[in-house]
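Peer 1: quick one, what's the 3D model for this:
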Amino acid sequence: MSFISPGGFLFFPFMEESSPSNTMGHLSCFMGGLLALGAQSKLTATSVTNMKFAKEITRTCYEMYRSSRKHWCSVFIYLSPF
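Peer 2: Numbers count the residues shown, from 1 in each chain. The predicted structure follows:
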């Protein structure tokens with residue numbers, strides 16, 4: 001399950017009592033690489049969608065690190081409420 005934040009960033013939220021929260025863990029950033037590898041290994045109709053998700057989650061993670069003063073990131077990231 002993924003969502004788009006008000007700032008236009010794709011993220012994979014934590015679930016709290018079967019409802020999505022506005023929190024994402026930094027380990028979700030590995031999904032960009034996983035989706036891209038899967039999309040490249042076998043080209044199917046879903047490959048284009050998977051590559052689009054890979055690019056967007058990678059952009060979210062890049063901005064998450066880039067926007068901090070020391071370019072570090074915490075374990076959990078709180079996005080604007082959606």
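
Peer 1: quick one, what contacts the residue lying closest to residue 15 once chain neighbours are set aside?
Peer 2: Leaving aside its chain neighbours, residue 15 sits nearest to residue 21 (7.1 Å; criterion: C-beta to C-beta, 6 or more residues apart in numbering). For every residue, glycine as well, the C-beta is placed using N, CA and C. For residue 21, the contact set (C-beta atoms under 8 Å, 6 or more residues apart in numbering) comprises 13-15.

Peer 1: kindly report the same for residue 52.
Peer 2: Applying C-beta under 8 Å, 6+ apart to residue 52 gives no contacts.

Peer 1: mind listing what residue 63 touches?
Peer 2: Counted by C-beta under 8 Å, 6+ apart, residue 63 has contacts residue 9.

Peer 1: can you give me the buried ones in stretch 36-45?
Peer 2: By 16 or more other C-beta atoms under 10 Å, the buried positions in stretch 36-45 come out as 36, 39.

Peer 1: first-to-last residue distance for that stretch?
Peer 2: For stretch 36-45, the first-to-last residue distance is 14 Å (C-alpha to C-alpha, to the nearest Å).

Peer 1: list the contacts of it.
Peer 2: Residues external to stretch 36-45 that are found in contact with it (C-beta under 8 Å, 6+ apart): 46-48, 50-51, 54-55, 58.

Peer 1: could you redo the last one with a cut-off of 7 Å?
Peer 2: Residues from elsewhere that reach stretch 36-45 (C-beta atoms under 7 Å, 6 or more residues apart in numbering): 47, 50-51, 54.

Peer 1: circling back to that earlier point, what separation is there between the residue nearest to residue 15 and residue 78?
Peer 2: From residue 21 over to residue 78 the distance is 9 Å, taken as C-beta to C-beta, to the nearest Å.

Peer 1: swap in residue 22?
Peer 2: For residue 22, the distance to residue 78 - C-beta to C-beta - is 6 Å.

Peer 1: the more surrounded of those two?
Peer 2: Higher neighbour count among residue 22 and residue 78: residue 22, with 17 against 10, using other C-beta atoms under 10 Å.

Peer 1: in its sheet, what does the helix or strand of the chain with the lowest mean pLDDT sit against?
Peer 2: Here the helix or strand of the chain ranked lowest by mean pLDDT, DSSP states H and E is strand 76-78, holding a mean of 78. Using DSSP bridges, strand 76-78 pairs in its sheet with strand 23-25 (antiparallel).
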